[in-house]
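Enquirer: Sequence first, then the predicted structure, then my questions.
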Amino acid sequence: MATAPDTSRLDAPARRVARAVVTEDVLDVAEHAALVEVAAAGAVVTFAGVVRDHDGGRGVGDLRYVGHPSAGDVLARVVAQVADGSEVDAVAVSHRLGDLAVGEVALAVAVSAAHRAEAFTACARLVDEVKAQLPVWKHQRFSDGTSEWVDCP
């Protein structure tokens, strides 16, 4: 069953990629939200992937993200594909590399769209696709002195 076209808009969704970077810089979700704000957007949805203090029943002290040299290009491709396939006005996504402490943001995502459903859907899809496709691996250091690599080929 086809849905009726959205006639509430003045213009078609811009589908603009405001940011798609892999960086060692500290990430600010509010900054990402500001990058996607446009007058046509009735919704801005953000996501912060934050380093937690546990995994698999063990305490996490800190971790390190290591990326393949192609990670920036892969992220740009993934973000562009999701933006092109969604009813969004703008998206901004950054993934952090390097040493991160508990509570720091590893993945920042912001999406603007005319309506909340499109913004939430695109944000969730971005997070899922980045996690599935980005060649970035996590080295967790546990509070008991052990460590492990996660999602590392």
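Expert: Thanks, I have it. Small disclaimer: the values here were computed from a predicted structure and weren't measured.
Enquirer: can we go C-alpha only for contacts and neighbour counts from here?
Expert: Fine.
Enquirer: Could you point out which residue ranges in the chain have low pLDDT?
Expert: Within the chain, the ranges that satisfy pLDDT under 70 run 1-5.
Enquirer: mind listing the helices in it by residue range?
Expert: Along the chain, the segments classed as helices by DSSP state H run 29-36, 71-84, 116-133.
Enquirer: Between those, which one is closest to Val60.
Expert: Distance to Val60, taken as C-alpha to C-alpha, is lowest for helix 116-133 among those, at 19.8 Å.
Enquirer: Next, the buried residues of the closest one.
Expert: By neighbour count on 16 or more other C-alpha atoms under 10 Å, the buried set for helix 116-133 is 116, 118-120, 122-123, 125-127, 129-130.
Enquirer: Equivalent analysis for stretch 68-77, please.
Expert: 71-72, 74-76.
Enquirer: what about the closest residue in space to Val22 that isn't next to it in sequence, distance to Glu104?
Expert: With sequence-adjacent residues excluded and distances taken as C-alpha to C-alpha, 6 or more residues apart in numbering, Val22 is closest to His95, at 4.9 Å. His95 is 12 Å from Glu104, where distance means C-alpha to C-alpha, to the nearest Å.
Enquirer: Check Val91 too.
Expert: As judged by C-alpha to C-alpha, Val91 and Glu104 stand 21 Å apart.
Enquirer: Those two: who's more crowded?
Expert: Val91 (32 against 18; other C-alpha atoms under 10 Å).
Enquirer: which residues touch the spatially most central residue of the chain?
Expert: Taking C-alpha atoms, centre = their mean as the criterion, Val109 is the residue nearest the geometric centre of the chain, at 3.7 Å. When contacts are counted by C-alpha atoms under 8 Å, 6 or more residues apart in numbering, Val109 is found next to 29, 32-33, 46-48, 91-94, 123, 126-127.
Enquirer: now swap in His139 and tell me
Expert: Contacts of His139 (C-alpha under 8 Å, 6+ apart): 63-66, 147-150.
Enquirer: Can I get these in CSV including neighbour count and distance to His139?
Expert: Formatted as CSV, those follow (neighbours: other C-alpha atoms under 10 Å; distance: C-alpha to C-alpha, whole Å):
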residue, neighbour count, distance to His139
Leu63, 22, 5
Arg64, 18, 5
Tyr65, 19, 6
Val66, 18, 8
Ser147, 15, 7
Glu148, 12, 6
Trp149, 14, 4
Val150, 12, 6
